[in-house]
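A.B. asks: got a sequence here, can you build the structure:
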Amino acid sequence: MLIVQKFGGSSLANAERIRAAADIIARTLSAGHTPVAVLSAGGGSTDMMISGAKELSSSPPKREMDVLLSTGELKSVALMSMQLESMGIPAISLSGRQAGIRTDSVFGDARIEDIDTCRIRREIACGRVVAVAGFQGISGGDDITTLGRGGSDTSAAALAAALNADRCEIYSDVDGIYTADPRLVPNAKKLYRIDYLSMLRLSRSGSQVLHEKAVEIAMLRRVPMLMLSSFCESEGTLMSADTPAPPFCGITRDKTQNKITLVGSEVGFDSLAEMLSVLADADISSVPANFEPGEAAVFTSEAELLPALRILHSHFFG
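C.D. replies: Modelled structure (predicted):
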């Protein structure tokens with residue numbers, strides 16, 4: 001099988017974690033599969049580069065910011081290739097441009113228009129593991145572009161589609177999709193399978209495991225995606241076309257809006273009324289935020305956001 005494996009910043013934050021990610025790639029290779037790695041910048045490095053730019057300019061040019069920020073992923077793929085080579089595994093690092101990722105010209109939030117996979121396929125045919133810099137591409141004007149928030153997820157999904165990969169694996173610090181963020185809600189339950197539409201709704205409403213652009217690509221091209229942890233060996237969450245949508249899928253929070261959203265195929269207007277009633281019974285003030293088939297949301301105060309999330313999760317998911 002050809003498997004695209006994306007590693008997020010937390011999986012690449014230091015040498016020890018890069019070695020652990022390389023071990024995952026090596027095990028995939030040993031199992032007889034063909035891995036293509038897509039890497040983010042190491043954890044915290046993008047924020048450091050943004051801070052450094054702001055020290056020099058209060059309004060740095062977007063084009064130059066894309067040039068700067070693209071270097072984080074380049075560092076990751078170079079280090080990963082070095083690590084794999086040290087393990088006796090032939091490897092090569094490719095920038096977005098070298099990987100054939102063509103985008104529009106919107107600096108800071110570019111969209112992928114096309115991927116020429118010839119170079120990647122050629123390197124695979126030579127027996128090398130290819131490590132592709134996520135989050136970046138090249139515009140028609142030959143400028144480096146970046147893909148915006150969650151850009152490495154988007155790169156991975158788009159590459160998996162272009163390569164007709166058997167699946168795309170997303171490695172992060174969470175071992176799958178849960179009914180709520182398990183770091184916030186201790187009794188959150190793991191979902192071992194999820195459909196595209198439910199995942200898209202969760203991503204749009206605040207879940208940070210997989211970016212909505214990546215879900216949109218996977219949905220359009222029917223790319224199976226498996227969400228896993230870099231830090232433990234456990235069964236992840238598979239997103240695929242043949243998974244039925246659950247009646248109640250999950251509940252998310254959006255800190256920027258103090259909003260809580262309930263997602264599921266049977267979520268309707270009655271669910272919104274129930275959310276308001278449950279919170280009122282707990283003496284938490286809330287107002288309707290939005291409603292549409294499949295999701296319902298309420299606003300609450302910043303101070304009551306986390307308690308409200310936990311109360312609503314307990315009510316709908318036990």
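
A.B. asks: alpha carbons only for contacts and neighbour counts from here, please
C.D. replies: Will do.

A.B. asks: make sure V298 is indeed in a strand.
C.D. replies: Yes: counting by DSSP: H, G, I helix; E, B strand; the rest coil, V298 is located in a strand.

A.B. asks: quick one: it from T252, how far?
C.D. replies: 11 Å (C-alpha to C-alpha, to the nearest Å).

A.B. asks: can you give me the helices for the stretch 151-300 of the chain?
C.D. replies: 151-162, 196-205, 212-221, 269-281 (DSSP state H, counting those that start in this stretch).

A.B. asks: among these, which is the most enclosed?
C.D. replies: Mean neighbour count (mean count of other C-alpha atoms under 10 Å) peaks for helix 151-162 among those, with a mean of 26.

A.B. asks: does anything pack onto that one? Which helices or strands?
C.D. replies: Helix 151-162 sits against strand 2-7, strand 34-39, strand 112-115, strand 136-139, strand 167-172, helix 212-221, with contacts defined as 3 or more C-alpha pairs under 8 Å, 6 or more residues apart in numbering; DSSP states H and E.

A.B. asks: again, 7 Å this time
C.D. replies: When contacts are defined as 3 or more C-alpha pairs under 7 Å, 6 or more residues apart in numbering; DSSP states H and E, helix 151-162 sits against strand 2-7, strand 167-172, helix 212-221.

A.B. asks: so the helix ranked longest in the chain versus helix 151-162, what angle?
C.D. replies: Looking across the chain with DSSP state H, the single longest helix is helix 62-86. Here the directions of helix 62-86 and helix 151-162 differ by 70 degrees (axes from the mean of the first three to the mean of the last three C-alpha atoms, to 10 degrees).

A.B. asks: show the average pLDDT along helix 62-86.
C.D. replies: For helix 62-86, mean pLDDT is 97.

A.B. asks: in that helix, which residues are buried?
C.D. replies: 63-84 (16 or more other C-alpha atoms under 10 Å).

A.B. asks: if we can go back for a sec, give me the common contacts of V298 and T252.
C.D. replies: Common neighbours of V298 and T252 (criterion: C-alpha atoms under 7 Å, 6 or more residues apart in numbering): 260-261.

A.B. asks: could I get the helices and strands packed on helix 151-162 as JSON lines with mean pLDDT and distance to S40?
C.D. replies: Formatted as JSON lines, the helices and strands packed on helix 151-162 follow (pLDDT from 0 to 100; distance: least, C-alpha to C-alpha, whole Å):
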{"stretch": "strand 2-7", "mean pLDDT": "98", "distance to S40": "6"}
{"stretch": "strand 167-172", "mean pLDDT": "96", "distance to S40": "11"}
{"stretch": "helix 212-221", "mean pLDDT": "95", "distance to S40": "14"}
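
A.B. asks: and T34, which of those is closest to it?
C.D. replies: Taking C-alpha to C-alpha, strand 2-7 is the member of these nearest to T34, at 4.6 Å.

A.B. asks: in the chain, where is pLDDT below threshold?
C.D. replies: By pLDDT under 70, the chain has no low-scoring segment.

A.B. asks: coming back round to it: can you lay out the helices and strands packed on helix 151-162 as JSON lines showing distance to R149?
C.D. replies: Converted to JSON lines, the helices and strands packed on helix 151-162 look like this (distance: least, C-alpha to C-alpha, whole Å):
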{"stretch": "strand 2-7", "distance to R149": "15"}
{"stretch": "strand 167-172", "distance to R149": "15"}
{"stretch": "helix 212-221", "distance to R149": "9"}
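
A.B. asks: out of the ones you listed, which gets nearest to L56?
C.D. replies: L56 sits nearest to strand 2-7 of all these, at 30.8 Å, using C-alpha to C-alpha.

A.B. asks: let's see the following helix or strand past that closest one as CSV, backbone CA atoms only.
C.D. replies: Using DSSP states H and E, the helix or strand that follows strand 2-7 in sequence is helix 15-30. C-alpha atoms of helix 15-30 as CSV (Å, rounded to 0.1, in the frame of the first residue of the first chain):
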residue,chain,number,x,y,z
ALA,A,15,15.5,15.1,18.1
GLU,A,16,13.9,12.4,20.3
ARG,A,17,10.5,13.0,18.7
ILE,A,18,11.9,13.1,15.2
ARG,A,19,13.6,9.7,15.9
ALA,A,20,10.2,8.4,17.1
ALA,A,21,8.4,9.6,14.0
ALA,A,22,11.2,8.0,11.8
ASP,A,23,10.6,4.7,13.6
ILE,A,24,6.9,4.9,12.6
ILE,A,25,8.0,5.4,9.0
ALA,A,26,10.5,2.6,9.2
ARG,A,27,7.9,0.2,10.6
THR,A,28,5.6,1.1,7.7
LEU,A,29,8.3,0.3,5.3
SER,A,30,9.2,-2.9,7.0
